[in-house]
Every structure is written in structure tokens, then in C-alpha cells.
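Participant: here is the input, now give the coordinates:
(one chain, ligands or ions: 2)
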Amino acid sequence: MSAQIKVAVLGAAGRMGSEAVKAVTEAADMELVASLGRGDDLQQIIDAGATHVVDLSVPGSTEDNVRFAVEHGLHAVVGTTGWTEERRANLQLLLEQNPSVGVLIAPNFALGSVLASAFAATAAKYFESVEVIELHHPNKVDAPSGTAVRTAELIAQSRKEAGVGASPDATETQLEGARGAVVDGIHVHSVRLRGLVAHQEVLLGGPGEQLTLRHDSYDRASFMPGVLLGLRTAESMPGLTYGLDGYLELGQ
Ligand SMILES: NC(=O)C1=CN([C@@H]2O[C@H](COP(=O)(O)OP(=O)(O)OC[C@H]3O[C@@H](n4cnc5c(N)ncnc54)[C@H](O)[C@@H]3O)[C@@H](O)[C@H]2O)C=CC1
Ligand SMILES: O=C(O)C1=N[C@H](C(=O)O)C[C@H](O)C1
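Facilitator: Numbering: from 1, shown residues only. Ligands and ions are numbered 1, 2, ... in the order given. A predicted model of the protein is given here:
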């Protein structure tokens, strides 16, 4: 029998962290060795003998948490938002000094969401117009969502490679914010509404037609297969992987 994956969950009392604690506890090949929250000493992770860390904390803490894990040779599965290009570049440098460590930064752990973003990137080069709408529960602290940022990045990359220009837009006057945020040239709109969990639509428009790609997470259980896949795969994928699609065989 292969060794148990010894997991420390950071942000363990949160909405996602508590779900991850449950999923890891129920997984036969894993052992939950530490559950940490705000203000807890990260040394507890080492003392508990963790081999892997799951970070589901807050954008202001995730970078320090992951840095600590990597510096101590622990693999990390990260769902927390806030991983800008600059932060990822700094992490890459750290990983070069710790070449056996694997880190997954997954803007979204739900398989359907990862697929929807990949489908959107494929479709976006065939349509004149594309915009992203993300819809979340009102307790979410950041906007736009990490998923929407990643989706816009993938769409922009696909359109650039195909030589597709900007979406047409004749807007000259507007209230500030009316056209949403712009990520790599793609408009992204954020809705916060009681009753929602995590949802996203990509609207694609061409002459006389529209394609809508929508994904809905109704329950945070939807994210757990991705978290467990990340924990089972990180060690065999040294370096930084950005997006769960890096651990999946999409398009094969
Ligand atoms: N990648 C994915 O599939 C998903 C990612 N998320 C992201 O995960 C993060 C957490 O989301 P929620 O659970 O909804 O938030 P939450 O606010 O319910 O939980 C965050 C928890 O982290 C704790 N915390 C704060 N600082 C900490 C620190 N330094 N070390 C350890 N814990 C700390 C807080 O006290 C809180 O309990 C957000 O960035 C969110 O966008 C959420 C859902 C899915
Ligand atoms: O805060 C959330 O809830 C979520 N955060 C992630 C994001 O910002 O994309 C993933 C999912 O959308 C839920």
C-alpha cells in the first residue's frame, strides 16, 4: 500500500476549508494532520508531519502560506484567489530553488467550470463578441472572481493566437463601471446575490446568433473532487501548475 497523503488545511473554518476538511477526512488514502485558521502558527504544519497543504484562506494570506509550504518541501494545492501574474512569477522563482515541490493554483476546482472555460476559449475565436458574467454569493470578498479572470485570460490568448480583434463596442459615454472590468481586453461583469453559490456565463455573439456557456456550482461539494485530485497529483507534477486543466487530459 502506498503512503498516506498527510494533509494540512489552511482556512479550515471557512466555507471551502470546512468542506475540504470533510473531504480529506473521508478519503481513504489521506490523513488530515492539521487544520489551521487565521492567526495560527504555520509551524504546526511541520510539527504535525504534513506532506501536503491545501490553502483555502484569503487573498492577503495565501502567498505567505504557500511560500512557507514550499520552503519546507511541502506540496501545495491552492484554491484561494489573488494569484496575480507577479505573485505567480515570484512563486516560480521559489520553486526553482525547491525543484521537487509541486504547487497547483486552481482558480476553480469544479470539473464543469474548468471544462466551460476551456470550451469558451475554443469558441471565442469564432465569434465577434465575447463577454463574461460571474455571479456569486454576497459574502465573497473579491471581484471579479478568480475563475472569471482565468477564463478571460484563456479567451484573450485564444483570440490573439487566431488573430481575432477586440469585440465591437461603440460605447462612448457611460457611468463608471457600467461596462464592467476589463481583463486582457475582455469585459467581465460581477453579480453578488443572496442565494447564489458560484456561477458563470460566457456570452459569445456573432451576426444573428448567440452562444451562452454557463456553469453553476450549487454546492461547495462540487469543488472537492478537484481538491482531492490536486492532492493526489501535486507530488508527480513538480513546479507550478496554474489551473486544474493542467492536471486533466482536456481535448484528448
Ligand atoms: N478554487 C476554487 O474552486 C474555489 C476557491 N474559492 C476561494 O477560496 C477562498 C476562500 O473562500 P471561502 O471559503 O468562501 O472564504 P471564507 O471567508 O469562508 O474562509 C476563509 C477562511 O480563511 C481564514 N483565514 C484568514 N487568514 C488566514 C490565514 N493567514 N491562515 C489560515 N486561514 C486564514 C478565515 O478566518 C476564514 O475562516 C477565496 O479566495 C475564494 O475565492 C472558493 C470556492 C472555490
Ligand atoms: O469565493 C467563491 O465562492 C469562489 N471563488 C473562486 C473564484 O473566485 O473564482 C471559485 C468559485 O468561483 C467560488
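
Participant: so what's the residue count around the residue in the chain that ligand 1 sits nearest to?
Facilitator: Nearest residue of the chain to ligand 1 (C-beta to the nearest ligand atom) works out as G14 at 2.1 Å. No exception for glycine: its C-beta is placed from N, CA and C like everyone else's. A count of neighbours around G14, defined by other C-beta atoms under 10 Å, yields 19.

Participant: for the one 5 residues further on, same thing?
Facilitator: For E19, the tally of surrounding residues (other C-beta under 10 Å) stands at 19.

Participant: L10 too?
Facilitator: By the other C-beta under 10 Å criterion, the neighbourhood of L10 contains 30 residues.

Participant: partners of it in the sheet?
Facilitator: Beta-bridge partners recorded for L10 (DSSP bridges): L36, D55.

Participant: against Y126, how distant is it?
Facilitator: According to C-beta to C-beta, to the nearest Å, L10 and Y126 sit 41 Å apart.

Participant: just give me how far stretch 68-83 sits from the chain centre.
Facilitator: For stretch 68-83, the distance from its own C-alpha centre to the chain's C-alpha centre is 13 Å (C-alpha atoms, centre = their mean, to the nearest Å).

Participant: correct me if wrong: the residue of the chain closest to ligand 1 contacts S61.
Facilitator: No. Shown here, G14 and S61 do not form a contact pair, counting by C-beta atoms under 8 Å, at 11.3 Å.

Participant: pretty sure E249 sits in a strand.
Facilitator: No. The assignment for E249 (DSSP: H, G, I helix; E, B strand; the rest coil) gives coil, which keeps it out of a strand.

Participant: residues in the stretch 101-250 of the chain within reach of ligand 1, list them.
Facilitator: Taking C-beta under 6 Å from any ligand atom as the measure of proximity, the stretch 101-250 of the chain contacts ligand 1 at A106, P107, N108, F109, G146, F223.

Participant: got CSV for those residues, with neighbour count too?
Facilitator: What follows is those, written out as CSV (neighbours: other C-beta atoms under 10 Å):
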residue, neighbour count
A106, 28
P107, 23
N108, 28
F109, 26
G146, 19
F223, 25
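
Participant: tell me, which of those residues make contact with ligand 2?
Facilitator: With respect to ligand 2, and counting by C-beta under 6 Å from any ligand atom, the subset of those in contact is P107, N108, G146.

Participant: OK, contacts around the first one?
Facilitator: Listed by C-beta atoms under 8 Å, 6 or more residues apart in numbering, the contact partners of P107 are T81, W83, S145, G146, T147, V149, R150, G243.

Participant: tell me which of those residues fall in helices.
Facilitator: Secondary structure of the contacts of P107 is defined by DSSP state H; positions in helices are G146, T147, V149, R150.

Participant: now do the contacts for G102.
Facilitator: G102 makes contacts with H75, A76, T233, A234, E235, S236, M237, P238, G239, T241, as judged by C-beta under 8 Å, 6+ apart.

Participant: beta partners of the second one?
Facilitator: Read that as A76. The residues paired with A76 through beta bridges, assigned by DSSP bridges, are V53, V103.

Participant: wait, it touches V103, no?
Facilitator: Yes. Applying C-beta under 8 Å as the test, A76 and V103 come out as touching, 4.6 Å apart.

Participant: intersection of neighbour lists for these two?
Facilitator: Counting by C-beta under 8 Å, 6+ apart, the residues touching both A76 and V103 are V66, A69, V70, A234.

Participant: what pLDDT is listed against the residue lying closest to the first one once chain neighbours are set aside?
Facilitator: Of all residues beyond its chain neighbours, the one nearest V66 is A76 (5.1 Å), with distances taken as C-beta to C-beta, 6 or more residues apart in numbering. The pLDDT attached to A76 in the predicted structure is 98.

Participant: element containing the residue nearest the centre of the chain, please.
Facilitator: The structure's the chain has its C-alpha centroid closest to P107; by C-alpha atoms, centre = their mean the separation is 0.8 Å. P107 belongs to no helix or strand when elements are defined using DSSP states H and E.
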